[in-house]
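S.K.: pasting the sequence and the predicted model now:
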Amino acid sequence: MSTTQALRPPACSCGMFQNVECRPLAVEKLGFATLCGMKINGVGLNRSRRSFLKPIMAKEDNGASLIDDGNAKCQGAAGKKPNSFTPFTNHSPVLTGKNLSEMANIGNSMNILWHKSPIQKHDRQQLLQQRGCVIWLTGLSGSGKSTLACALSRGLHLRGKLTYILDGDNIRHGLSRDLSFRAEDRSENIRRIGEVAKLLADAGVICITSLISPYGKDRDACRALLPEGDFIEVFIDVPLHVCEARDPKGLYKLARAGKIKDFTGIDDPYEPPCSCEIVLQQKGSECMSPSDMAEIVISYLEKNGYLRA
Ligand SMILES: Nc1ncnc2c1ncn2[C@@H]1O[C@H](COP(=O)(O)OS(=O)(=O)O)[C@@H](OP(=O)(O)O)[C@H]1O
Ligand SMILES: Nc1ncnc2c1ncn2[C@@H]1O[C@H](COP(=O)(O)OP(=O)(O)O)[C@@H](O)[C@H]1O
């Protein structure tokens, strides 16, 4: 095993809600409040003036965003029949004046507004005494991604650093359970995990992702989500024949027998990174131990200031 480092230079159809006030009812004495026909646990709510979130949004055929004003029969888009909705305009209780000019359409989400938090990444990093980033482990199935992710997480935890692992297999048990291993589904899987990793890094966490992530363009798209330097791509460069000999889950055997389709390295491609921060490479039959590999990554983090605020 040898390592190569720093090849890269340092580098409304949406749901709207309206506050609806309701008066407290006698049933509160039982520890519950019934609000407009809904029973909810009363703990933690202001007992004199309660409110709950009632969905008030609908979308007309013409795509105009509408708000249910609760009683008015107002005309929507010009030439349309009057209906029970008012157009989604600047008489919205939330979106007025300056706010409106900051509204955006992102993908299929129309008329959305970015809400700023009073506590920023910098504040969280000060609290944690580390810098949030993403360590993106990529390599063939069986190359040792999960093992390295665990060794890294353990090593950093022992140094008092907060980490979180996003493991491909695990994410496919939940967030990505609807996705297959077709190219477009792999891309979507990686996009989702990239977005989650970005949020964790913004939280100040050292996020370790452990995914095959076989296509260069998908990895690059995740890199582009993060501030320069905060996406640390680590290629576990273990040759196919070694991974296949390991075959801890018996998947290569099934893929060779044609029982699993689109298996990475067999009948689906793996595109090695051409430019990444760290390459962990097997030389001959020599294989570095997972904890030695973890130390290399930790040294990189140390050298680049990620282990202090
Ligand atoms: N067709 C096919 N190709 C590759 N891998 C397969 C496939 N089918 C199931 N598996 C198992 O799923 C794990 C890879 O999931 P990932 O989410 O990391 O894949 S990807 O990044 O979306 O390509 C991978 O886990 P690892 O061995 O940990 O990499 C496999 O165990
Ligand atoms: N550095 C290493 N040297 C030797 N064997 C390893 C090393 N890292 C992992 N392994 C073994 O290789 C197999 C695959 O490791 P795993 O971490 O599950 O890979 P991946 O997550 O990339 O599929 C496991 O049996 C594991 O014990």
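M.R.: Done, it's in. These figures come from a predicted structure and were not determined experimentally. Numbers count the residues shown, from 1 in each chain. Ligands and ions are numbered 1, 2, ... in the order given.
S.K.: for the residue of the chain found nearest ligand 2, which non-adjacent residue is closest in space?
M.R.: Ligand 2 sits closest to residue 144 of the chain, with a gap of 2.9 Å, by C-beta to the nearest ligand atom. For glycine as for every other residue, the C-beta is placed from the backbone atoms N, C-alpha and C. Excluding the flanking residues, the one nearest residue 144 by C-beta to C-beta, 6 or more residues apart in numbering is residue 236, at 5.5 Å.
S.K.: count the residues that sit near the residue of the chain closest to ligand 2.
M.R.: Residue 144 is flanked by 23 other residues according to other C-beta atoms under 10 Å.
S.K.: what does residue 283 give?
M.R.: Neighbour number of residue 283 under other C-beta under 10 Å is 9.
S.K.: and the residue of the chain closest to ligand 2, what does it touch?
M.R.: Residue 144 makes contact with 236, 238, 290, 293 under the criterion C-beta atoms under 8 Å, 6 or more residues apart in numbering.
S.K.: contacts only, for the last one.
M.R.: It stands for residue 293. Here residue 293 is in contact with 1, 144, 148, 151, 236, 280 (C-beta under 8 Å, 6+ apart).
S.K.: with adjacent residues omitted, what lies nearest to the residue in the chain positioned nearest to ligand 1?
M.R.: Residue of the chain nearest ligand 1, by C-beta to the nearest ligand atom: residue 168 (2.4 Å). Nearest residue to residue 168, sequence neighbours excluded (C-beta to C-beta, 6+ apart): residue 211, at 4.0 Å.
S.K.: need phi/psi at the closest residue to residue 242 other than its chain neighbours.
M.R.: Spatial nearest neighbour of residue 242, excluding adjacent residues (C-beta to C-beta, 6+ apart): residue 282 at 6.4 Å. In terms of degrees, to the nearest 10, the main-chain angles of residue 282 are phi -80, psi 130.
S.K.: so what's the closest residue to residue 290 other than its chain neighbours up against?
M.R.: Residue nearest to residue 290 in three dimensions, not counting chain neighbours: residue 151, with 4.2 Å by C-beta to C-beta, 6+ apart. By C-beta under 8 Å, 6+ apart, the contact set of residue 151 is 290-291, 293-294.
S.K.: make a markdown table from the residues you listed and add distance to ligand 2 and pLDDT to it.
M.R.: Shown next, in a markdown table, are these (distance: C-beta to the nearest ligand atom, whole Å; pLDDT from 0 to 100):
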| residue | distance to ligand 2 | pLDDT |
| --- | --- | --- |
| 290 | 5 | 96 |
| 291 | 9 | 94 |
| 293 | 6 | 97 |
| 294 | 10 | 98 |
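S.K.: from these, which land in helices?
M.R.: Among the contacts of residue 151, the residues falling in helices (DSSP state H) are 290-291, 293-294.
S.K.: now the residues you listed: which count as buried?
M.R.: Applying 16 or more other C-beta atoms under 10 Å to the ones in helices among the contacts of residue 151, the neighbour count classes 290, 293-294 as buried.
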